[in-house]
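Chemist: Requesting a structural model of the entry that follows:
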Amino acid sequence: MQVQQTIENKLTAAFTPDLLQVLNESDMHAVPADSETHFKLVIVSGSFEGMRAVKRHQRVYQLLSDELAGGVHALALHIFTPDEWREQKCAPSSPDCMGKNG
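Modeler: You can find the predicted model right below:
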């Protein structure tokens with residue numbers, strides 16, 4: 001869980017989130033067991049106030065550029081301000097990987 005912990009540490013330091021979920025969804029994909037290649041991130045932070053979704057995503061991608069250049073293949077980003085989260089209350093479920101079973 002080294003990659004997951006690194007992602008959690010970087011996001012916590014950069015955004016001081018009210019809620020942070022870093023879910024390793026690699027087991028849902030056609031990768032070896034115990035991989036850290038596919039993650040779903042749910043971030044709720046006041047740092048995103050007044051920022052459009054594209055800019056939020058760009059900030060996270062920039063922050064995690066080393067991980068994305070390495071073994072992380074995919075990030076599902078669900079980024080909210082506290083007010084948006086109060087309305088949303090959950091992130092969408094991730095779809096099944098079409099390539100997992102062959």
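Chemist: Only C-alpha atoms from now on, for both contacts and neighbour counts.
Modeler: Will do.
Chemist: Mind listing residues that contact the helix or strand where Gln58 lies?
Modeler: Using DSSP states H and E, Gln58 sits within helix 53-63. By C-alpha atoms under 8 Å, 6 or more residues apart in numbering, the residues outside helix 53-63 that reach it are Lys10, Leu11, Phe48, Leu68, Leu77, Ile79.
Chemist: And for stretch 37-47?
Modeler: Against stretch 37-47 from outside (C-alpha under 8 Å, 6+ apart): 15-26, 29, 71-82, 85, 91, 94.
Chemist: repeat that for 6 Å
Modeler: The contact list for stretch 37-47 (C-alpha atoms under 6 Å, 6 or more residues apart in numbering) reads 15, 17-26, 71-82.
Chemist: Produce a PyMOL select command limited to the buried residues of those residues.
Modeler: Buried residues within the contacts of stretch 37-47, by 16 or more other C-alpha atoms under 10 Å, are selected in PyMOL with:
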select buried, resi 15+17+20+22+23+24+25+26+72+75+76+77+78+79+80+81+82
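Chemist: Okay, and which of the contacts of stretch 37-47 map to helices?
Modeler: Among the contacts of stretch 37-47, the ones falling in helices (DSSP state H) are Phe15, Pro82.
Chemist: can you give me the strands in the chain?
Modeler: For the chain, the strands defined by DSSP state E occupy 19-24, 38-44, 74-80.
Chemist: mind checking pLDDT for the residue nearest to the spatial centre of the chain?
Modeler: Nearest residue to the geometric centre of the chain (C-alpha atoms, centre = their mean): Leu41, 2.3 Å. pLDDT for Leu41: 96.
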